[in-house]
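# sequence first, predicted coordinates after that:
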Amino acid sequence: MSVDHVEEAGNSDAAEAGTATATAALTYYPVAPGVRLNVRSGPGTGYSVVRVLSEGVNVPIFCQCPGTSVSGPYGTTNIWDNIADGQFVSDAYVRTGSDGYIAPRCS
């Protein structure tokens, strides 16, 4: 019997919740090599720096939004990546494999 087909008796909701969690797994993207990246409180260089990411980290992208245009290792863009609640980094420093949006727009 395959593990993929095992369900707990009388608890199909738990099995469905596990599937939803697995489907919604986050993808992490690398920050440009050799860069200590400023994390800002909003999508632009006019927002305050809330922390600095160490070199070689990977970040999740929950949503993206337009903001200040920034030039970096991965081009010039006005896309900002939301990596945590109230924390944004310029997409010009994150290797997403795309020049456009790869996540939903932030609301």
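Great, that's in hand. Residues are numbered from 1 along each chain as shown.
# how near is the most centrally placed residue in the chain to residue 86?
With distances taken as CA atoms, centre = their mean, residue 61 lies nearest the centre of the chain, 1.0 Å away. From residue 61 across to residue 86, the span is 15 Å (CB to CB, to the nearest Å). Where you see a C-beta, it was placed from the backbone N, CA and C, and this is true even at glycine.
# where does the chain dip in pLDDT?
Filtered on pLDDT under 70, the chain yields the residue ranges 1-24.
# now the helices for it?
12-23 (DSSP state H).
# now do the strands in it.
According to DSSP state E, the chain carries its strands in the segments 28-30, 37-40, 49-53, 58-60, 63-72, 75-84, 87-90.
# want to throw the ones you listed into TSV with distance to residue 105 and mean neighbour count?
Listed next are those as TSV, based on distance: least, CB to CB, whole Å; neighbours: other CB atoms under 10 Å:
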stretch	distance to residue 105	mean neighbour count
strand 28-30	17	14
strand 37-40	18	20
strand 49-53	21	12
strand 58-60	16	15
strand 63-72	6	17
strand 75-84	10	19
strand 87-90	13	22
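# out of the ones you listed, nearest to residue 96?
Among the strands of the chain, the nearest to residue 96 by CB to CB is strand 28-30 (5.3 Å).
# please enumerate residues in contact with that closest one?
56-61, 81, 94-96 (CB atoms under 8 Å, 6 or more residues apart in numbering).
# let's go with 6 Å and repeat that
With CB atoms under 6 Å, 6 or more residues apart in numbering as the test, strand 28-30 has contacts from 58-60, 94-96.
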